[in-house]
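In: sequence first, then the predicted structure, then my questions.
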Amino acid sequence: MDTVVVIGEALVDVVDGPEGTVEHPGGSPMNVAVGLARLGTPTRLVCALGDDDRGRAVRAHVRSSGVEVDATTVERTSAAVATVDEQGAATYAFDLDWRLDPVAVPTGTPLLHTGSIAAVLQPGAAHVLDAVRRRPPGTLVSLDPNVRPSIAPDREAVLAALGPVIAEADVVKLSDEDAAWLWPGRSVDAVLDGLLADGVGIAAVTLGGAGCAVASPVARAALGAPRVEVADTIGAGDSFMSGLLAGVLAADHGPAAADADDLGRLASLALACAAVTVGRPGADPPTRAELR
């Protein structure tokens with residue numbers, strides 16, 4: 001398989017939990033890149049990193065999973081301070097520098113993934129959208145909005161930034177919390193309907209411990225999540241995304257042709273990846289061997 005390109009933030013999660021403060025490499029797109037690589041997909045991460053201890057830690061982390069790093073050099077590596085409550089749920093505060101050199105996506109790239117801060121925060125978001133629009137023919141696009149209202153609190157501005165990417169996307173995954181913030185009052189089915197109407201081939205909404213709902217133009221499915229003892233929820237959605245994309249890349253037809261059986265297989269793989277991740281601290285997605 002040719003190399004998948006992931007464009008987006010790589011940072012350090014500073015986790016302030018009941019047992020003290022620990023630092024883990026993180027960032028939603030970075031986590032997806034690591035998750036894909038651990039599932040056996042060759043992956044290149046296009047990001048921004050400082051020439052500092054945190055930047056070196058991020059590079060070492062992603063390279064240890066086989067991810068190729070293509071980083072724009074910035075003054076400091078970004079950080080997200082995650083506070084974890086007694087139920088394992090995390091809230092975040094950010095120190096960010098999202099600048100990006102222009103990105104050329106190579107011919108033959110099977111998938112271009114982006115999302116979260118990278119898709120909405122300028123000046124880097126402009127280069128993300130340009131890369132999406134200029135991708136080679138045949139390259140699928142995937143998006144995880146993974147909204148961060150503490151960084152971009154203007155809903156209309158976020159929707160304006162995400163809209164052009166959604167219009168190009170073949171696969172979109174978001175959490176129920178993302179959906180409720182972006183489109184208040186819409187049901188999960190209405191959110192899925194809206195994404196499909198925008199031309200998305202596979203749309204998925206994760207529902208925390210309740211599992212997920214996933215749809216294509218020809219089918220729809222809802223699956224429950226495996227039961228697992230939760231360490232924390234950091235990276236769970238990203239792990240779900242990497243599992244979903246690994247399944248899409250392995251399919252013998254495009255996302256829009258996925259029938260009910262296809263959606264069930266894709267969602268089962270994605271939920272299994274997320275279940276492993278929530279069972280251990282930090283964003284630590286599984287390898288293919290761990291899933292077996």
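Out: Cool, the structure landed.
In: distance of the closest residue to Gly115 other than its chain neighbours relative to Thr206?
Out: Of all residues not flanking Gly115 in the chain, Asp144 sits nearest, at 3.7 Å (CB to CB, 6 or more residues apart in numbering). Glycine gets a C-beta too; all of them are placed from N, C-alpha and C. For Asp144, the distance to Thr206 equals 10 Å [CB to CB, to the nearest Å].
In: and what of His61?
Out: 24 Å.
In: returning to that earlier point: now list whatever residues contact both of Asp144 and Thr206.
Out: 173-174, 237 (CB atoms under 8 Å, 6 or more residues apart in numbering).
In: how about these in JSON lines, adding pLDDT?
Out: What follows is the shared contacts of Asp144 and Thr206, written out as JSON lines (pLDDT from 0 to 100):
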{"residue": "Lys173", "pLDDT": "98"}
{"residue": "Leu174", "pLDDT": "97"}
{"residue": "Gly237", "pLDDT": "95"}
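In: compare Asp144 and Thr206 and say which is more crowded by neighbours.
Out: Per other CB atoms under 10 Å, whichever of Asp144 and Thr206 has more neighbours is Asp144, with 31 against 27.
In: quick one, helices of the stretch 51-200 of the chain?
Out: 53-64, 124-133, 155-168, 176-182, 188-197 (DSSP state H, counting those that start in this stretch).
In: quick one: these as TSV, columns for mean neighbour count too.
Out: Below are the helices of the stretch 51-200 of the chain laid out as TSV (neighbours: other CB atoms under 10 Å):
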stretch	mean neighbour count
helix 53-64	18
helix 124-133	19
helix 155-168	15
helix 176-182	18
helix 188-197	17
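In: could you dump those helices to a markdown table with distance to Ser268 and mean pLDDT?
Out: Listed next are those as a markdown table, based on distance: least, CB to CB, whole Å; pLDDT from 0 to 100:
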| stretch | distance to Ser268 | mean pLDDT |
| --- | --- | --- |
| helix 53-64 | 26 | 96 |
| helix 124-133 | 28 | 98 |
| helix 155-168 | 25 | 98 |
| helix 176-182 | 19 | 97 |
| helix 188-197 | 18 | 98 |
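In: so for Asp261, which of those helices sits nearest?
Out: Counting by CB to CB, Asp261 lies closest to helix 188-197 out of the helices of the stretch 51-200 of the chain; the figure is 18.1 Å.
In: could you point out the helix or strand that follows that closest one?
Out: strand 202-206 (DSSP states H and E).
In: C-alpha coordinates for that next one, PDB please?
Out: Provided in PDB are the C-alpha atoms of strand 202-206 (Å, rounded to 0.1, in the frame of the first residue of the first chain):
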ATOM      1  CA  ILE A 202     -19.300   7.300   5.100                       C
ATOM      2  CA  ALA A 203     -20.400   9.300   8.100                       C
ATOM      3  CA  ALA A 204     -20.000   8.200  11.700                       C
ATOM      4  CA  VAL A 205     -21.000   9.600  15.000                       C
ATOM      5  CA  THR A 206     -19.400   8.000  18.200                       C
END
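In: so what's Ser142 bridging to?
Out: Ser142 forms beta bridges with His113, Val171, as assigned by DSSP bridges.
In: I figured it hits Val132, correct?
Out: No - Ser142 is beyond contact range of Val132, at 10.2 Å (criterion: CB atoms under 8 Å).
In: between these two, which contacts overlap?
Out: 112, 114.
In: could you count how many residues lie near His253?
Out: 10.
In: tell me which element it falls in.
Out: Using DSSP H and E, His253 falls outside every helix and strand.
In: if we can go back for a sec, which one of the shared contacts of Asp144 and Thr206 has the most neighbours?
Out: Lys173 (29 neighbours).
In: gap between that one and Ser116?
Out: The value you get for Lys173 to Ser116, if CB to CB is used, is 11 Å.
In: what of Val158?
Out: 11 Å.
In: touching both of these two, which residues are there?
Out: With CB under 8 Å, 6+ apart, Val158 and Ser116 have common neighbours 145, 147.
In: report the residue spans of the stretch 101-250 of the chain with pLDDT below the cut-off.
Out: The stretch 101-250 of the chain contains no residues with pLDDT under 70.
In: any common contacting residues for Lys173 and Ser116?
Out: Asp144.
In: just give me the neighbour total for the residue nearest to Ile166 when sequence neighbours are not counted.
Out: In this structure, Ile166 finds its nearest non-sequential neighbour in Asp198, 5.3 Å apart by CB to CB, 6+ apart. A total of 14 residues lie near Asp198 under the criterion other CB under 10 Å.
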